[in-house]
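Visitor: Kindly generate the corresponding structure for this input.
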Amino acid sequence: MGYWYREARRWFEDALEDLRVAELLLETGHYAASCFHSQQAAEKAVKALLYANEVEARGHSIRELLELLGRRTGLDVQELLEDARLLDKHYAPPRYPNLHPGVPFPAFELYGREDAEACLRSARNVVEFVRRSLRP
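Guide: Next comes the predicted model:
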């Protein structure tokens, strides 16, 4: 088993763990944290597919990662760009109250069930695309 395959597997397994965590956080009412873990699941899944194609990428923008994936592999990632647009908004804001200027509430109070459900749907779309693309 080579380096690229091992890295792809590691990243994809972490993506699946983040997806499970996002689901549990949604079930227990931790909506902001669920949004963040959904973003992480999608980001790590795309990085896994990049590794599987011998590309090491850095950064947190799922859209940027998908566009790189499309350029480097020829995969059509268009169907995921709306999911990426939604999830990219949830990398830092759910975790930092100062990213919501003029709002006197903690960041977690700004998120509801609908936000977490939308993020989870998008993350599942990305993870499933990666799962299908990773199959030999």
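Visitor: So which residues of the protein form helices?
Guide: In the chain, the helices defined using DSSP state H lie at 3-27, 31-52, 62-73, 81-88, 113-134.
Visitor: I'd like the distance between residue 43 and residue 81.
Guide: 14 Å (Cβ to Cβ, to the nearest Å). Every C-beta, even on glycine, is put in place using the N, C-alpha and C of the backbone.
Visitor: Looking at those two, which is more packed in?
Guide: Per other Cβ atoms under 10 Å, whichever of residue 43 and residue 81 has more neighbours is residue 43, with 26 against 14.
Visitor: Tell me how many other residues crowd the closest residue to that one other than its chain neighbours.
Guide: Spatial nearest neighbour of residue 43, excluding adjacent residues (Cβ to Cβ, 6 or more residues apart in numbering): residue 62 at 5.4 Å. For residue 62, the neighbour count with other Cβ under 10 Å is 31.
Visitor: Distance of the residue nearest in space to the middle of the chain relative to residue 101?
Guide: In the chain, the C-alpha nearest the mean C-alpha coordinate belongs to residue 42, at 2.2 Å (Cα atoms, centre = their mean). Residue 42 is 26 Å from residue 101, where distance means Cβ to Cβ.
Visitor: do the same with residue 15
Guide: 32 Å.
Visitor: ditto for residue 124
Guide: In terms of Cβ to Cβ, residue 124 sits 32 Å off from residue 101.
Visitor: ranking the helices of the chain by burial, who's on top?
Guide: When those are scored by mean count of other Cβ atoms under 10 Å, the highest mean neighbour count falls to helix 31-52 (a mean of 26).
Visitor: what helices or strands is that helix leaning on?
Guide: When contacts are defined as 3 or more Cβ pairs under 8 Å, 6 or more residues apart in numbering; DSSP states H and E, helix 31-52 packs onto helix 3-27, helix 62-73, helix 81-88, helix 113-134.
Visitor: The second one versus helix 113-134: what angle between them?
Guide: Angular relation of helix 62-73 and helix 113-134 on a 0 to 180 degree scale: 10 degrees, by axes from the mean of the first three to the mean of the last three Cα atoms, to 10 degrees.
Visitor: From the rest of the structure, what touches helix 62-73?
Guide: For helix 62-73, contacts defined as Cβ atoms under 8 Å, 6 or more residues apart in numbering pick out 39, 42-43, 46-47, 49-50, 53, 55, 57, 59, 75-77, 80-81, 83-85, 87-88, 126.
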